[in-house]
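1. structural data only, the sequence is not supplied:
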């Protein structure tokens, strides 16, 4: 169970870092503002929400099963 939580949190961290690097830091440094129209942006947001929900559910399941 702890491995599942670690894997979910790792994927969550990776997704957040990709979002920050490719959609906030790089466009701001190059003055590009049209990146928000990219469908990959919404896929990253959806992945972040899914991994966040998984982490929360796994943590709740672990607390309940104790």
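-> Perfect, I can see it now. Remember, it's a predicted structure, so these values are computed and weren't measured experimentally. Numbering: from 1, shown residues only.
2. okay, and the helix or strand of the protein with the least pLDDT?
-> The weakest-scoring helix or strand in the chain, judged by mean pLDDT, DSSP states H and E, is helix 26-30 (a mean of 68).
3. beyond it, next helix or strand please.
-> Downstream of helix 26-30, the first helix or strand assigned by DSSP states H and E is helix 39-65.
4. pLDDT of that next one, averaged?
-> In this model, helix 39-65 has a mean pLDDT of 80.
5. quick one: buried residues of that helix?
-> 44, 47-48, 51, 54-55, 58 (16 or more other CB atoms under 10 Å). Backbone N, C-alpha and C define where each C-beta goes, glycine included.
6. likewise stretch 16-28?
-> Neighbour counts over stretch 16-28 (16+ other CB under 10 Å) mark 19, 23 as buried.
7. could you tell me how far that stretch lies from the centre of the chain?
-> Offset of stretch 16-28 from its chain centre (CA atoms, centre = their mean, to the nearest Å): 12 Å.
8. go on, stretch 38-49?
-> That offset, for stretch 38-49, works out to 8 Å (CA atoms, centre = their mean).
9. show me what contacts the residue nearest to residue 16 when sequence neighbours are not counted?
-> Among residues not flanking residue 16 along the chain, residue 48 sits closest, at 6.0 Å (CB to CB, 6 or more residues apart in numbering). Taking CB atoms under 8 Å, 6 or more residues apart in numbering, we find residue 48 in contact with 12, 15-16, 19.
10. and if you look at residue 8?
-> 51, 54-55, 58.
11. give me the angle between the helix or strand containing it and helix 39-65.
-> Assigned by DSSP H and E, residue 8 belongs to helix 2-20. Angle of helix 2-20 versus helix 39-65, following axes from the mean of the first three to the mean of the last three CA atoms, to 10 degrees, is 150 degrees.
12. was I right about residue 58 contacting residue 5?
-> Yes. Contact status for residue 58 versus residue 5: in contact at 4.8 Å, counting by CB atoms under 8 Å.
13. all good on my end, thank you.
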